[in-house]
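[1] Let's see this in three dimensions:
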Amino acid sequence: MRLIYWFFLGMCSWGALGAQPWPLVQIAEGLPGQTGPCEPDIAIDPENPARMVAGSVLRNVYSSQDGGRSWTTARLESPLGVFGDPCLVADGRGHFYYFHLSDPDQKGWGSPRFLDRIVVQRSKTRSGSGWSRGESIGHRPPKQQDKEWVDVSADGKTLYCAWTEFDAYGSKSEQDRSRIVFSAGTQKGRRWTEPVVVSQTEGNCLDGDQTAEGATPAAGLGDAVYLTWALDGSLYFSSSADRGQTWTPERLLGTQVGGWSQDVAGFDRSNGMPVLVCDRSRGFHQGSLYLMYTEQKGSDIDVVVQISRDGGLSWSQAAPIHPVGDTSIQFMPWMCVDQSTGRVHAVYYDRHRQPGEESVHPWATHVVHAWSVNGIDWEHERLTTTPFVPSPQVFMGDYNAIEAVNGQVRPIWTELREGRLSVWTALIDMKPLSMP
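    Now for the predicted structure:
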């Protein structure tokens, strides 16, 4: 009966999209004119889902011991510098890891050592209340390292990190190129392999559609790890069967209509970079790969998904996750798999208009949670009760995020209200859902 009840709730959620179904918690709020908080990420301890750690630009770290109902805030410090692009993971063995960009001289763009490596800091306690000084990944001066993302092997022993390496960030010279690189970490993140260049096709260094970006590794079953990225309107894929020591030649998955750098009114920048996840649960779709990104056709932007059931050898056609006939824009999505249930969860910004909302500001933006048992059929629910209106003068970050463990789903996102940026989560509890 519980399964029927929750299925009914999910089916109703799209029809009652204006209803706010879950408690919302503000994790942090900034000051007017301040950079951040934005670009958040969140990690949940698989051993104890009540323990969570989140981060946001530039050096914010938040911890919760009660499932996200309350949060403490701290400032992350490292002699290697902390400069945004927060990415957090939990290894299931009692440790959280906070990955970010470097700024050793604390001078930003005024230092030749700016972005000279990726940095990872490990929590000293299970609560995430203290952090190591930081380990260096991919230090290859004068090249610059940017836009990292991370996953953890199923056994929690290996950290997988992929990112974009720039010969010279922002350079207009055709001699300066960008590429996708990868490194694996062991010994609780203290030891990292020499970076491996995974991509063969290089991009420019202008941080746009012609730059190789959006590398997201996905830990598979056993020693498998998968990687996707975007470049010049195309999506690429590679895989490794030995925890990232060797990689298959890059493979073109298809085109990304509109490229990954997209135009959204009210946002100074909005990206549709691909997000890759793997189902490692014991469910019917174990081993499935899900690839989520956005495509822009004129003024319309859609969140789409491609699926592979055979380890990336073949892929489905890109299909939108929103209902047929919806012409509103959905953008900046993120995705995860709850490895205890096999369900796929996503969060994205949405400008769908309900009856009676026709007169709201054209930039008015809501936050939506979507979920699926197979990556094909999706249910949706609006999380925000009132929309926020962004400003092109305020940096909203390049991504939001979502994590799910044992039915506890925690999307995390940025809003702008009354000139202040804020970071939020929703306390979504889908425990009654049984394994598909």
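
[2] In contact with the closest residue to D338 other than its chain neighbours, which residues?
    Closest residue in space to D338, ignoring its immediate chain neighbours: A404 at 3.7 Å, by CB to CB, 6 or more residues apart in numbering. All C-beta spots, glycine's among them, are computed from the backbone N, C-alpha and C. Contacts for A404 (CB atoms under 8 Å, 6 or more residues apart in numbering) come out as 44, 336-338, 341, 343, 345, 410.

[3] could you redo the last one with a cut-off of 6 Å?
    336, 338, 345 (CB atoms under 6 Å, 6 or more residues apart in numbering).

[4] now P32
    Contacts for P32 (CB under 6 Å, 6+ apart) come out as 419-420.

[5] Now it: which helix or strand?
    Taking DSSP states H and E as the definition, P32 sits outside all helices and strands.

[6] where's it relative to S391, distance?
    Taking CB to CB, to the nearest Å as the measure, P32 falls 11 Å from S391.

[7] Could you do Q175 as well?
    37 Å.

[8] With neighbour numbers in mind, choose between these two.
    The neighbour comparison of Q175 against S391 (other CB atoms under 10 Å) goes to S391, with 13 against 8.

[9] Quick check, pLDDT for that one.
    With respect to pLDDT, S391 has a value of 96.

[10] before we move on, the earlier item: now do the SS call for the residue nearest to D338.
    Taking DSSP: H, G, I helix; E, B strand; the rest coil as the rule, one finds A404 in the strand state.

[11] So in terms of bridging, what pairs with it?
    V409 (DSSP bridges).

[12] helix, strand or coil for W109?
    Secondary structure assignment for W109 (three-state DSSP): helix.

[13] Can you report how many residues lie near the closest residue to D279 other than its chain neighbours?
    Nearest in space to D279, with sequence neighbours left out and distances taken as CB to CB, 6+ apart, is S288 at 4.5 Å. S288 has 23 neighbours, counted by other CB under 10 Å.

[14] same thing with Q145?
    Number of residues near Q145 (other CB under 10 Å) recorded here: 26.

[15] The one 3 residues further on too?
    Counted with other CB under 10 Å, residues neighbouring E148 total 25.

[16] likewise S316?
    Counted with other CB under 10 Å, S316 comes out at 14.

[17] Likewise for R179?
    Neighbour tally, R179, other CB under 10 Å: 23.

[18] residues in contact with it?
    Taking CB under 6 Å, 6+ apart, we find R179 in contact with 165, 197, 199, 202, 212.

[19] Thought L231 was touching the last one, still the case?
    Yes - applying CB atoms under 6 Å as the test, A212 and L231 come out as touching, 4.6 Å apart.

[20] Quick one: the helices in this protein, in order.
    2-15 (DSSP state H).

[21] pLDDT-wise, which helix or strand of it ranks last?
    helix 2-15 (a mean of 34; mean pLDDT, DSSP states H and E).

[22] shaky segments in the stretch 101-250 of the chain?
    Low-confidence segments of the stretch 101-250 of the chain (pLDDT under 70): 127-128.

[23] Which pLDDT does the model give the residue nearest to D279?
    S288 is given a pLDDT of 98.

[24] if I look at it, how far off is V196?
    25 Å.

[25] cool, T327 as well?
    Distance from T327 to V196, by CB to CB: 43 Å.

[26] Same drill for the two, tell me which one is more crowded.
    V196 (16 against 9).

[27] List the contacts of the more buried one.
    By CB under 6 Å, 6+ apart, V196 lies in contact with F182.

[28] circling back to that earlier point, find residues that contact each of A212 and L231.
    G203.

[29] G156 reaches G92, doesn't it?
    Yes - judged on CB under 6 Å, G156 makes contact with G92 at a distance of 4.2 Å.
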